[in-house]
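# Can you look at this prediction? I've put the sequence above it.
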Amino acid sequence: MTDLDICQKIAEIVFQESEMNGWDYSECGTFIVTGEDNEFNPLTDKALCFDLMVKHEVQVVLFSEEVDTGVLEYIASDINDNVVIYDKDPQRAIFLAIIAKHEGLNNE
């Protein structure tokens with residue numbers, strides 16, 4: 001899933017939950033709430049990421065470090081470990097877990 005796909009899915013989840021339906025996609029990969037001067041880009045907004053992580057009961061931990069390359073990998077999961085996501089970027093891992101959890105809830 002691309003960063004833009006993640007932003008779009010998270011925007012849909014957040015705005016659906018808050019009953020905000022007036023958002024538009026901008027070419028720079030952010031979402032702008034209609035009538036407001038706010039940009040919505042969860043992949044660059046750490047405070048928003050934290051708020052959504054807490055709200056959706058997702059946790060993230062450092063999973064491993066490649067000793068040879070120094071590359072870190074993170075694991076994000078919901079509190080019941082029904083959704084488990086690995087990624088090299090902690091915010092991406094968090095949002096992929098939120099998306100997977102939300103899609104699982106919609107499919108039940």
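Sure thing, it's come through. Please read these numbers as outputs of a predicted model, since none were measured by experiment.
# so where do the helices sit in this protein?
Counting by DSSP state H, the chain has helices at residues 3-17, 46-55, 90-107.
# The closest residue to Asp3 other than its chain neighbours: what's it in contact with?
Once flanking residues are discounted, Asp3 sits nearest to Leu43: 5.6 Å by Cβ to Cβ, 6 or more residues apart in numbering. Bear in mind the C-beta positions are built from the backbone N, C-alpha and C, glycine included. Neighbouring residues of Leu43 by Cβ atoms under 8 Å, 6 or more residues apart in numbering: 3, 6-7, 49, 91-92, 95.
# Check Phe40 and give its pLDDT.
Note for Phe40: predicted pLDDT of 65.
# just the helices of the chain: most buried one?
Most buried of the helices of the chain, by mean neighbour count (mean count of other Cβ atoms under 10 Å): helix 90-107, with a mean of 19.
# Glu73 and Pro90 touch, don't they?
No: taking contacts as Cβ atoms under 8 Å, Glu73 lies outside contact range of Pro90: 9.7 Å.
# in the sheet, who's paired with Glu73?
With DSSP bridges applied, Glu73 shows beta-bridge pairing to Ser64.
# And the residue nearest to Asp3, how far from Arg92?
Noted for Leu43: a distance of 7 Å to Arg92, by Cβ to Cβ, to the nearest Å.
# anything in contact with each of those two?
Jointly contacting Leu43 and Arg92 under the rule Cβ under 8 Å, 6+ apart are 3, 6.
# Tell me which residue lies nearest the centroid of the chain.
For the chain, Phe95 is the residue whose C-alpha lies nearest the centre (Cα atoms, centre = their mean; 1.9 Å).
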